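Chemist: Using only what follows, build the 3D model:
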Amino acid sequence: MEYLLQVKIGALIGLLFLTLLFGFIPARVKWFRDTNGTEIHRTVLSLISCFAGGVFLAACLLDIIPDYLSDISAELDARKVETSFPLPEFIMAAGFFTVLILEKTVLNCREIRGAQEERAPLLAESRNGHSHGAATSSDLESSGHHIHVDFQAHSPFRSFMLFLSLSLHSVFEGLAIGLQNSESKVLEICIAILVHKSIIVFSLSVKLVQSAIRPMWIALYILVFAVMSPLGIAIGISVMEAQLAAGALIQAILEGLAAGTFVYITFMEILPHELNSAGKQLLKVLFILLGFTIMAALTFLG
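Modeler: Numbers count the residues shown, from 1 in each chain. Model (predicted):
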């Protein structure tokens with residue numbers, strides 16, 4: 001048991017440092033933060049964003065949702081809960097509507113106070129040189145810029161919700177390591193999570209940089225996200241001795257809410273933001289497919 005504990009602590013430290021390394025590459029490299037680059041520079045950044053969108057799509061459909069449905073089904077079966085009502089899907093929908101209601105409430109409060117931050121891109125060119133929303137058809141035809149139909153794309157609020165849902169999922173990934181009782185299984189799961197999370201945190205960092213969030217907050221987000229899986233490992237180690245009767249059910253419900261949150265962010269923010277913009281549509285789809293394929297291959301390999 002002592003050696004097993006050492007392996008888990010090693011996995012905890014490895015996850016922490018590798019996540020920090022990949023997370024701070026887009027945040028610290030000036031190239032990713034340059035908002036006045038050439039057209040080629042903007043195109044490359046857009047394609048990287050599309051790749052990240054494919055990564056998040058795969059994480060949503062092949063990782064987060066299947067994990068949640070498996071866990072909640074196991075818990076309902078264990079408790080002999082039988083109902084014709086699709087309870088697992090309803091919990092996920094609750095997560096979706098929670099984010100939708102929160103976001104629209106925040107935006108409505110800003111409008112009531114007369115705040116202009118969210119509406120400013122409708123009148124002027126944004127910081128990254130992209131025109132937004134309220135332009136005439138002639139403006140759209142004559143402009144060579146990256147036009148977004150989604151007025152609130154990459155807003156700080158949505159980026160925070162993306163960070164929150166991914167962080168919660170990372171805790172559950174860490175729990176999977178912390179609750180194992182064999183060294184080989186700990187190493188197997190840890191290696192899979194290391195590869196998976198390195199791509200995820202890089203993509204998350206790209207999205208945070210594009211949201212024009214202050215560098216200090218980006219660093220804090222990445223630091224907190226990096227701590228989530230190690231935190232899950234620590235919690236898993238702690239609860240191996242003191243198991244709560246309702247602990248697994250509570251975890252499954254939280255996973256469902258996180259899954260619903262992630263569905264909202266993936267299909268209402270990340271993908272529409274890129275696919276509703278003009279120019280190089282097929283190339284963007286190719287990069288979304290590339291990100292999805294890489295994550296699908298990692299999932300297939302276990």
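
Chemist: alpha carbons only for contacts and neighbour counts from here, please
Modeler: Will do.

Chemist: sec struct for L21, please.
Modeler: helix (DSSP: H, G, I helix; E, B strand; the rest coil).

Chemist: oh sorry, the question was meant for S277
Modeler: Per three-state DSSP, S277 ends up coil.

Chemist: tally of neighbours for it?
Modeler: Applying other Cα atoms under 10 Å, we find 20 residues neighbouring S277.

Chemist: Distance-wise, check it relative to R214.
Modeler: According to Cα to Cα, to the nearest Å, S277 stands 25 Å off from R214.

Chemist: Same check on V81?
Modeler: 47 Å.

Chemist: same thing with G279?
Modeler: 29 Å.

Chemist: can you count the residues close to R214?
Modeler: With other Cα under 10 Å as criterion, R214 counts 12.

Chemist: Could you check the pLDDT of it?
Modeler: pLDDT, R214: 82.

Chemist: can you map out the helices along this protein?
Modeler: Under the criterion DSSP state H, helices of the chain are mapped to 2-28, 30-33, 39-58, 65-78, 87-112, 137-142, 156-178, 183-210, 215-239, 247-265, 271-275, 281-300.

Chemist: Contacts made by the shortest one with the rest, please.
Modeler: What that stands for is helix 30-33. Contact with helix 30-33 is made by 26-27, 45, 206, 209-210, as judged by Cα atoms under 8 Å, 6 or more residues apart in numbering.

Chemist: N108: which of those residues is nearest?
Modeler: Within the contacts of helix 30-33, the smallest distance to N108 is 23.2 Å, found for Q210 (Cα to Cα).

Chemist: Next one: I112 relative to P272, how far apart?
Modeler: For I112, the distance to P272 (Cα to Cα) stands at 27 Å.

Chemist: Who has more neighbours out of these two?
Modeler: Between I112 and P272, counted using other Cα under 10 Å, P272 has the larger neighbour count: 16 against 8.

Chemist: Quick check: I233 touching V186?
Modeler: No. Using Cα atoms under 8 Å, I233 is not in contact with V186, being 10.3 Å away.

Chemist: tell me, what's touching those two both at once?
Modeler: In contact with both I233 and V186: 8, 177-178, using Cα under 8 Å, 6+ apart.

Chemist: These into TSV, with extra columns for distance to G256?
Modeler: Output for these, formatted as TSV (distance: Cα to Cα, whole Å):
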residue	distance to G256
K8	26
I177	20
G178	21
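
Chemist: Turn those residues into a markdown table, including distance to F287 and pLDDT.
Modeler: A markdown table is the format used below for the shared contacts of I233 and V186 (distance: Cα to Cα, whole Å; pLDDT from 0 to 100):
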| residue | distance to F287 | pLDDT |
| --- | --- | --- |
| K8 | 36 | 76 |
| I177 | 32 | 72 |
| G178 | 35 | 72 |
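
Chemist: can you list the residues you listed in JSON lines and add neighbour count?
Modeler: Formatted as JSON lines, those follow (neighbours: other Cα atoms under 10 Å):
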{"residue": "K8", "neighbour count": "25"}
{"residue": "I177", "neighbour count": "29"}
{"residue": "G178", "neighbour count": "28"}
